[in-house]
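K.L.:
Pasting the sequence and the predicted model now:
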Amino acid sequence: MYVSGEVREHVRMRALVQSLPRSSLQQNEVAESDAELVRIPGTDLLLAITTDAVVEEIDTGLYRDPYLIGWMTVVVSASDLAAVGADPLGILLNQTLPCGIEPEFQNELQRGIGQACSAFGIFPLGGDVNESNRLHMASTAAGTVPDGEAMLRSGARPGDHLFITGPAGAGNAFAFEVLSDDREVPRLVYRPRARLREGLLLRRFASACMDTSDGLIATLDELMRRSGFGLQLEPNSVDLLQPQARALAREAGIPAFVFLAGPHGEFELVFSIPPERLSEFRAEAIAAGLSISRLGVARQRPGLQLSEREGGAWLDTAGVRNLAYERPRDLDEFVTRLVALTRPDY
């Protein structure tokens, strides 16, 4: 339905890469996977490599706590390795620190980086440190995937079952609370995890995979576009919401579904499993203690639709994604327009 609408992110990306040379060793198309996949000559391995920055989140005041900034500097690129099923090799850090940075702030920044690396089993290998008039943090993560096992955003087919590795909505709920409230410490704890362990299991079964760094609806839209399928969400899809996010929506008087549609995600993995692999996958997931929630079954008809129990509305997923690029004047306008795009009344 709406899946054929143009996404502004894609337009910008095409403009950026159209004049650039391309390596014959690269195995993925542009934005076909969360990390770039490059054949390592003389081996049966692919190098998975990705880079990401934490800039807008700092500039807008979304990330203020130095520990969280350090933690997220690791998460943003490590999660991309998880989404392709890579064994991590390590991470490079690019830190541009303000002149005269407070020692306590810098110590907390480094503590966040160090504890995230320990939590995800990825080692800092080095990087670059500079000084400027503002804080800028970025990371580049690298890993390896056996040839033929890397997960792409394409590959899912009608009949495949879609799942997510954990509750969604925490990222958008956190953003809503921080940007609409002047309190120094948000009540909602936001500590997303890079699902590297889960990615290693999923690469044996999944036909497609992507992380929810840009929110659940944007992730589903991208997977549908890349693979050419449609999806009707399972009944009670609002149950996918992290409990604190659902409570915050009630308190703020806004539809809870908005927290599934906003652009700030929680870095869970959304993935598809072919029906013939479903039983084996479920058994392995249970044995590994993997917690998953079912989203629905991919189908031929394009677009994202709510279940009939929830009204059966079709969601303008391109409009949801483009709203972030339009940069509404303030948070109230953004939420109002997002509600109009998603429509379900929870």
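P.N.:
Structure received. Numbering: from 1, shown residues only.
K.L.:
domains for this structure, by residue range?
P.N.:
The record assigns the chain these domain ranges, following automatic domain parsing: 32-150, 151-346.
K.L.:
In TSV, list the ones you listed along with distance to residue 17, mean pLDDT and mean neighbour count.
P.N.:
Every residue, glycine included, has its C-beta placed from N, CA and C. What follows is those, written out as TSV (distance: least, C-beta to C-beta, whole Å; pLDDT from 0 to 100; neighbours: other C-beta atoms under 10 Å):
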stretch	distance to residue 17	mean pLDDT	mean neighbour count
domain 32-150	12	97	18
domain 151-346	16	89	19
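K.L.:
out of the ones you listed, which comes closest to residue 24?
P.N.:
domain 32-150 (8.8 Å; C-beta to C-beta).
K.L.:
returning to that earlier point: would you mind giving the domains of the chain as JSON lines with distance to residue 16 added?
P.N.:
Shown next, in JSON lines, are the domains of the chain (distance: least, C-beta to C-beta, whole Å):
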{"stretch": "domain 32-150", "distance to residue 16": "14"}
{"stretch": "domain 151-346", "distance to residue 16": "14"}
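K.L.:
Okay, the residue sitting nearest the centre point of the chain and residue 219: tell me how far apart.
P.N.:
By C-alpha atoms, centre = their mean, the chain has its centre lying nearest to residue 213, at 2.0 Å. Using C-beta to C-beta, to the nearest Å, residue 213 is found at 8 Å from residue 219.
K.L.:
if we can go back for a sec, do I have it right that the residue nearest to the centre of the chain meets residue 77?
P.N.:
No - judged on C-beta atoms under 8 Å, residue 213 makes no contact with residue 77 at a distance of 10.2 Å.
K.L.:
of all the domains of the chain, which lies closest to residue 5?
P.N.:
Closest to residue 5 of the domains of the chain is domain 151-346 (C-beta to C-beta; 3.0 Å).
K.L.:
how far does the closest one sit from the chain's center?
P.N.:
9 Å (C-alpha atoms, centre = their mean, to the nearest Å).
K.L.:
where exactly do the helices run in this protein?
P.N.:
For the chain, the helices defined by DSSP state H occupy 8-17, 56-59, 66-84, 103-120, 170-180, 196-202, 216-227, 243-252, 258-261, 278-287, 317-326, 331-342.
K.L.:
Can you convert those helices into CSV and add a column each for distance to residue 269?
P.N.:
Compiled in CSV, the helices of the chain are given as follows (distance: least, C-beta to C-beta, whole Å):
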stretch, distance to residue 269
helix 8-17, 20
helix 56-59, 21
helix 66-84, 6
helix 103-120, 14
helix 170-180, 14
helix 196-202, 6
helix 216-227, 9
helix 243-252, 18
helix 258-261, 16
helix 278-287, 12
helix 317-326, 19
helix 331-342, 23
